[in-house]
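*Asks:* A predicted structure for the sequence below; I have some questions about it.
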Amino acid sequence: MLVIFEGTSQVETTVRAVLSDILGLSADRVATFTADTPLFGALPELDSMAVASVLTELEDRLGILIEDDEIDGEMLETFGALVQFAAGKALV
Amino acid sequence: MTGLRFDTYDWNGGCEAMLRFGPESGPIVIAALPLFEEANRTRQFTCTILRALADHGIGSILPDFPGTGESLVATVDAKLSEQRRAYSELTQQLGAHSYAFSIRSGALLDTDADLTGRWHLAPQTGADLIRDLERTRAAAGKSDRGDEYAGNRLFPEMLAELRDAVPCQDGRYRVVRLGTDPRAAHATYAGSPLWRRSEPGSDIALAQQLAADIAHWIASCEG
């Protein structure tokens, strides 16, 4: 499994698991995601309802709180961006 | 008669439908689905658990509450206080040892009932439910559409009641969560949060494990 950021492998594993569990993607498929893999707009499963579910599930599993005004297209653009956002919250 | 039956119950504000599974004698489990969209996502899973409970010799009921399922009360007129009253009156009518099996925000409905015990799966507070609803509404770009939440129109009174509602942990209480949920629990099981999936399907292995947990817990409460 590719580690995108030093010290964030646990967060990365959690983000992968959440995408698999919430979007119903196979673990094999999610395992191929790299930092550059596009998410929002590229995965038909990730519609606006699913975005809300993914973020809320990330909050629960990582024990973080995501404010609504922090949610923008950028953090969901790629797998790497989402891991970086979650790690920035979880590893503070 | 232990197959699936359709039945109804009366409460002070009307009549609601309910499904019955398993024997009608002995302890009885009352299942409460989560409120709103999560109810659709967990209904099949819940029925799988209730069928498995019947295999353990335990009867159960999956009732509608005012404003849910096939209820004649519209969602916009639903009130938590009335759903709790309907739950309590149903429990009284059963007259047996009744046990709550409540999922997510369904755990907000069993609060006032005279139950022998409460078993909660990943219970959710009213504040967290409202947060989910508001986030879903914001994600859909409908924050200017007044009282519509994720396709449901809600009465302001319902929102006010939900805001401070927390699951009741009085008496014999057992909380079970998925292994991915870090919050405190009496037991955890591996599985996906079907209530957050738009194509949830069911999880038969998890349903059987949860039914076995409920059956074992009821046996210890009765013993």
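*Replies:* Right, received. Where do you want to start?

*Asks:* buried sites along the helix or strand encompassing residue B:46?
*Replies:* Using DSSP states H and E, residue B:46 maps to helix B:37-55. Buried residues in helix B:37-55, counted by 16 or more other Cβ atoms under 10 Å in any protein chain shown: B:37-39, B:41-43, B:45-54. Quick note: C-beta positions are derived from backbone N, CA and C, even for glycine.

*Asks:* so what pLDDT did residue 91 get?
*Replies:* Let's take chain A. You'll see residue A:91 listed with a pLDDT of 80.

*Asks:* wait, I meant chain B there
*Replies:* Note on residue B:91: pLDDT of 97.

*Asks:* what helix or strand does it sit in?
*Replies:* Residue B:91 belongs to helix B:80-94, assigned by DSSP H and E.

*Asks:* Residue B:119 now?
*Replies:* Assigned by DSSP H and E, residue B:119 falls within strand B:117-121.

*Asks:* Mind listing the strands that strand pairs with, and their directions?
*Replies:* Neighbouring strands of strand B:117-121 in its sheet, by DSSP bridges, are strand B:98-103 (parallel), strand B:172-178 (parallel).

*Asks:* ranking those strands by burial, who's on top?
*Replies:* Ranked by mean neighbour count, those are led by strand B:98-103 with a mean of 26 (mean count of other Cβ atoms under 10 Å in any protein chain shown).

*Asks:* what is the mean pLDDT for it?
*Replies:* Strand B:98-103 shows a mean pLDDT of 98.

*Asks:* Close to chain B: what parts of chain A are there?
*Replies:* Counting by Cβ under 8 Å from any Cβ of the partner chain, chain A comes close to chain B at A:17, A:21-24, A:45, A:47-53, A:55-57, A:60-61, A:63, A:68, A:71.

*Asks:* if we can go back for a sec, show me what the helix holding residue B:91 is packed up against.
*Replies:* If contacts are counted by 3 or more Cβ pairs under 8 Å, 6 or more residues apart in numbering or on different chains; DSSP states H and E, helix B:80-94 sits against strand B:5-11, strand B:28-32, strand B:59-63, helix B:156-163.

*Asks:* and chain A, which of those is closest to it?
*Replies:* Each of those has some distance to chain A by Cβ to the nearest Cβ; the shortest is helix B:156-163, at 16.2 Å.

*Asks:* Could you tell me the angle between the closest one and helix B:80-94?
*Replies:* 70 degrees (axes from the mean of the first three to the mean of the last three Cα atoms, to 10 degrees).

*Asks:* contacting residues around helix B:156-163?
*Replies:* Residues from elsewhere that reach helix B:156-163, judged by Cβ atoms under 8 Å, 6 or more residues apart in numbering or on different chains: B:78-81, B:108, B:126-127, B:129-130, B:147.

*Asks:* switch the cut-off to 10 Å
*Replies:* The contact list for helix B:156-163 (Cβ atoms under 10 Å, 6 or more residues apart in numbering or on different chains) reads B:35, B:67, B:75-84, B:105, B:108, B:125-130, B:133-134, B:147, B:149, B:152, B:154-155.
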